[in-house]
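Trainee: Mind looking at a prediction? Sequence and model below.
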2 protein chains.
Amino acid sequence: MSAPPPVAGGDPYRSAGVDYETLDAAKRVALAAAAATSAVPAGRGARLEDASRGEPATLVEVGGLRLGFVLECLGTKSMLARAYEEATGEDRFAAIGYDTVAAVVNDCCCIGALPVVVNAYFATGSAGWFTGTRHASLVEGFRKGCVDAGAAWGGGESPTLSGLVADDGIDLAGSAIGVVPDGQPALLGEALAAGDELVLLASTGLHANGASLARKVAAGLPDGLGHRLGSGEALGEALLRPSPCYVGVVEALQQSGASLHYASHVTGHGLRKLMRAQRALTYVVGELPPVPEVLGFLADAAGLDARAAYATFNMGAGFALFVAAGEGAAAVEVARRLGHRALVAGTVEAGARRVVLEPIGVEYGSGELELR
Amino acid sequence: MSAPPPVAGGDPYRSAGVDYETLDAAKRVALAAAAATSAVPAGRGARLEDASRGEPATLVEVGGLRLGFVLECLGTKSMLARAYEEATGEDRFAAIGYDTVAAVVNDCCCIGALPVVVNAYFATGSAGWFTGTRHASLVEGFRKGCVDAGAAWGGGESPTLSGLVADDGIDLAGSAIGVVPDGQPALLGEALAAGDELVLLASTGLHANGASLARKVAAGLPDGLGHRLGSGEALGEALLRPSPCYVGVVEALQQSGASLHYASHVTGHGLRKLMRAQRALTYVVGELPPVPEVLGFLADAAGLDARAAYATFNMGAGFALFVAAGEGAAAVEVARRLGHRALVAGTVEAGARRVVLEPIGVEYGSGELELR
């Protein structure tokens, strides 16, 4: 398998220290090694569903249950919280804890598995990190994230990795087990069909992806994270707004009897993630959600054109739901009742695997998202 | 809950950048927050078993299954492999990958849950880490670790954390789901009883804990990791010998009908981990296994007396099994057939929670291991 070509319009991440080409290629090497192991636990009554490889969560069948399994990280966003604390004295680690859980559980529910337990990974560079309120805040945010996701917080690991993690830093990740409810399909892309409607749920801003680029932009501003956006809000404040938890929407759709065919958490690779499923289908977006001020600012400040911006950030679309023809409006209503802004943004059409963002005249071809 | 007093004889980790007092206290704050969430997923048919809090794996009951859930990391051992590669040109990342899985699955099987799937966390500081053979080796070692544990490799996450993880470093962790076989008890300590026999399985050396201290010792030697031990083996070579996988022993004991009452993975805190269970019981060790040359060397070089050494390293005892009275010899035989050196090392006695290492005249009191 060859490395994907870079997105035309430049690769803004590479200059921020994130080389998706190398990473995606390495990921495929690991996936190939992992692929041969699916049947290993057969003697223990378990089987890994190969169709879930490359999906946001692994599907494991065991004892009649279908489990979703995720290990996901927050990236470098904790460094933004640390820098913001140093600049303003304000502790935003509760948001960071919540974000960590959101990164995990929003991936988990993509395959239709509702999280039941989440474990934490808090790796610091020195015990000095634990001074002040930040650990208590982090713990409270993580706890709230679990509760909002409907999951127990099981446990986890909190090592000090002296010399490996930055002295004032914390590497945050989490893992979750989810359960696909009885009678519900696992969402691995097979059910996607031409005619399906695409519903986009609003993001609150940066979420877990793009923090390295945001730090680079902030470093180039005279006021750094204190820079005032047009609305008057500080850049750091906007960047550190917690991610939404989308689990409740997936659960409510399952319970409502909706024909939910697929779901995609819009993270790294931006709206290219709409074609996450390995299917020959075209995703035509006729309406895009409003762009959060902070993402518009970051895209401009980083010199990204629309094509690069929508390939990098969520640009207002945090989560995508694909429902049967005619069911989009009802799904939007379910999401709204749970407090999420949402819109029927487009449709799935027969055709080559690609994403078409009509309002901005941008297309992403299949080769621009190779995750398996 | 108060912080545990330091081990008499000094805290060798603190000077190596690992402050267990602060970490253990923080862990208890997190455990307290997590404790209130056990019933949150009840609506999804799942419940976290509170008795598993503080155990090496979380026990989750869902749909009639008892799942073990672990998120565990390798610590800083990858830095030893990186330094060894720089010094000798030899790539030991296969051992590091294997070690990462061993750290996870050896925890998982402690509660009687046999791993069925493992996910990987490979967090690098820069894409430059992926040069040469080390990524391919890491992947191969991780894969082999999964297969030896009887588990599928599901997937995972491999972010670049520029500025957060050292440029030439990799933060390695993993997560596993295990299943407690039908008809077998989960091992949470309730079954432990006076009269039980303690079986110790041999370690191969450092395993996943103590790498920061080992790096500090190596830094003080003229030849560093190339220092020749008495046997002629290079220090680095000995430090990077892969950990054993103990899962097969637990599985074989379950299948043999043995009365396995408890198990403890001897990691951080050394042989204090023999009193991991929150029970008023005394663990009397009458015979200790041979000390691996490399651990004896490290203890001497770091100036640790026996009390500190056995509270820090595994000192040859990688895994502890607690079986019913009279069953120790049979358990040893099961382990030996699977290629593990093992011995009946002692007994569980009525009395205060403490560990007594008779051959070296050392005792650890209950307050020296507070993990919950």
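Mentor: Arrived safely.
Trainee: CA atoms for contacts and neighbours, from now on please.
Mentor: Fine.
Trainee: does any bit of stretch A:79-90 sit next to chain B?
Mentor: Yes. Shown here: stretch A:79-90 in contact with chain B (C-alpha under 8 Å from any C-alpha of the partner chain) through A:Met79.
Trainee: Using the three-state scheme, assign A:Glu237.
Mentor: Following DSSP: H, G, I helix; E, B strand; the rest coil, we place A:Glu237 in the helix state.
Trainee: quick one: it from chain B, how far?
Mentor: As for A:Glu237, its distance to chain B is 21 Å (criterion: C-alpha to the nearest C-alpha, to the nearest Å).
Trainee: Now for that residue, how many residues are close by?
Mentor: Using other C-alpha atoms under 10 Å in any protein chain shown, A:Glu237 is surrounded by 18 other residues.
Trainee: Run through the residues that contact it.
Mentor: A:Leu225 (C-alpha atoms under 8 Å, 6 or more residues apart in numbering or on different chains).
Trainee: same thing but 10 Å
Mentor: A:Leu80, A:Ala81, A:Tyr84, A:Glu90, A:Arg92, A:Leu225, A:Gly226, A:His227, A:Arg228, A:Val294 (C-alpha atoms under 10 Å, 6 or more residues apart in numbering or on different chains).
Trainee: and the residues you listed, which are buried?
Mentor: A:Leu80, A:Ala81, A:Tyr84, A:Arg92, A:Leu225, A:Gly226, A:His227, A:Val294 (16 or more other C-alpha atoms under 10 Å in any protein chain shown).
Trainee: quick revisit: got TSV for the contacts of A:Glu237, with distance to B:Thr204 too?
Mentor: TSV is the format used below for those (distance: C-alpha to C-alpha, whole Å):
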residue	distance to B:Thr204
A:Leu80	41
A:Ala81	41
A:Tyr84	45
A:Glu90	47
A:Arg92	43
A:Leu225	49
A:Gly226	52
A:His227	55
A:Arg228	57
A:Val294	52
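Trainee: returning to what we had before: closest to chain B out of the buried ones among the contacts of A:Glu237?
Mentor: Of all these, chain B sits closest to A:Leu80, with 11.0 Å by C-alpha to the nearest C-alpha.
Trainee: what secondary structure does the closest one sit in?
Mentor: Here A:Leu80 is helix, with the state taken from three-state DSSP.
Trainee: just checking, it touches A:Leu225?
Mentor: Yes. With contact defined as C-alpha atoms under 10 Å, A:Leu80 reaches A:Leu225; the gap is 8.3 Å.
Trainee: shared neighbours of those two, anything?
Mentor: Joint contacts of A:Leu80 and A:Leu225 (C-alpha under 10 Å, 6+ apart) are A:Ala214, A:Arg215, A:Ala218, A:Gly236, A:Glu237, A:Leu239.
Trainee: Which strand residues bridge A:Thr267?
Mentor: Beta bridges link A:Thr267 to A:His269, judged by DSSP bridges.
Trainee: now the spatially most central residue of chain A: how far from A:Gly45?
Mentor: Ranked by distance to the mean C-alpha position of chain A (C-alpha atoms, centre = their mean), the top residue is A:Thr267 at 3.7 Å. According to C-alpha to C-alpha, to the nearest Å, A:Thr267 stands 33 Å off from A:Gly45.
Trainee: quick check, A:Arg279 in a strand?
Mentor: No. Counting by three-state DSSP, A:Arg279 is not part of a strand but coil.
Trainee: who are the neighbours in contact with the closest residue to it other than its chain neighbours?
Mentor: With sequence-adjacent residues excluded and distances taken as C-alpha to C-alpha, 6 or more residues apart in numbering or on different chains, A:Arg279 is closest to A:Arg353, at 6.4 Å. Contact partners of A:Arg353, counting by C-alpha under 10 Å, 6+ apart, are A:275-283, A:364-367, A:369.
Trainee: Swap in 8 Å and give it another go.
Mentor: Taking C-alpha under 8 Å, 6+ apart, one finds A:Met275, A:Gln278, A:Arg279, A:Ala280, A:Leu281, A:Thr282, A:Tyr283, A:Gly365, A:Ser366 in contact with A:Arg353.
Trainee: Check A:Gly248 too.
Mentor: Applying C-alpha under 8 Å, 6+ apart, we find A:Gly248 in contact with A:Ala149, A:Leu338.
Trainee: re earlier: I'd like the distance between the residue nearest to A:Arg279 and chain B.
Mentor: Distance from A:Arg353 to chain B, by C-alpha to the nearest C-alpha: 24 Å.
Trainee: Tell me the confidence at that residue?
Mentor: With respect to pLDDT, A:Arg353 has a value of 98.
Trainee: before we move on, what about A:Arg337?
Mentor: pLDDT, the model's per-residue confidence, is 98 for A:Arg337.
Trainee: Quick one: the helices in chain A, in order.
Mentor: Here chain A has its helices, by DSSP state H, at A:20-35, A:77-88, A:93-108, A:134-148, A:211-219, A:235-239, A:247-256, A:293-301, A:306-310, A:328-337.
Trainee: Mean neighbour count, the ones you listed: which tops it?
Mentor: helix A:93-108 (a mean of 29; mean count of other C-alpha atoms under 10 Å in any protein chain shown).
Trainee: elements contacting that helix?
Mentor: strand A:65-73, helix A:77-88, strand A:114-124, helix A:134-148, strand A:170-179, strand A:260-265 (3 or more C-alpha pairs under 8 Å, 6 or more residues apart in numbering or on different chains; DSSP states H and E).
Trainee: can you rerun that using 6 Å?
Mentor: With contacts defined as 3 or more C-alpha pairs under 6 Å, 6 or more residues apart in numbering or on different chains; DSSP states H and E, helix A:93-108 has these neighbours: helix A:134-148.
Trainee: Tell me the residues on the stretch 51-200 of chain A that lie near chain B, please.
Mentor: By C-alpha under 6 Å from any C-alpha of the partner chain, the residues of the stretch 51-200 of chain A that approach chain B are A:58, A:71-72, A:76, A:116, A:139, A:150-154, A:156-157, A:160-162, A:164-166.
Trainee: A:Asn314 against A:Gly270, yeah?
Mentor: Yes. Under the criterion of C-alpha atoms under 6 Å, A:Asn314 makes contact with A:Gly270 at 4.8 Å.
Trainee: So which of those two has more stuff around it?
Mentor: Applying other C-alpha under 10 Å to A:Asn314 and A:Gly270 shows that A:Asn314 carries more neighbours, namely 30 against 22.
Trainee: who touches the nearest residue to A:Val199 once chain neighbours are set aside in this structure?
Mentor: Nearest residue to A:Val199, sequence neighbours excluded (C-alpha to C-alpha, 6+ apart): A:Val344, at 4.5 Å. Applying C-alpha atoms under 6 Å, 6 or more residues apart in numbering or on different chains to A:Val344 gives the contacts A:Leu198, A:Val199, A:Gly328.
Trainee: Near the nearest residue to A:Gly128 once chain neighbours are set aside, how many other residues are there?
Mentor: Computed as C-alpha to C-alpha, 6+ apart, the closest residue to A:Gly128 that is not its neighbour in sequence is A:Asp168, at 7.3 Å. By other C-alpha under 10 Å, 15 other residues sit near A:Asp168.
Trainee: roughly how far apart are the residue nearest to A:Ala302 when sequence neighbours are not counted and A:Gly296?
Mentor: Spatial nearest neighbour of A:Ala302, chain neighbours left out: A:Val217 (6.4 Å); criterion: C-alpha to C-alpha, 6+ apart. Distance, A:Val217 to A:Gly296, by C-alpha to C-alpha: 12 Å.
Trainee: I'm done for today, thanks for sticking with me.
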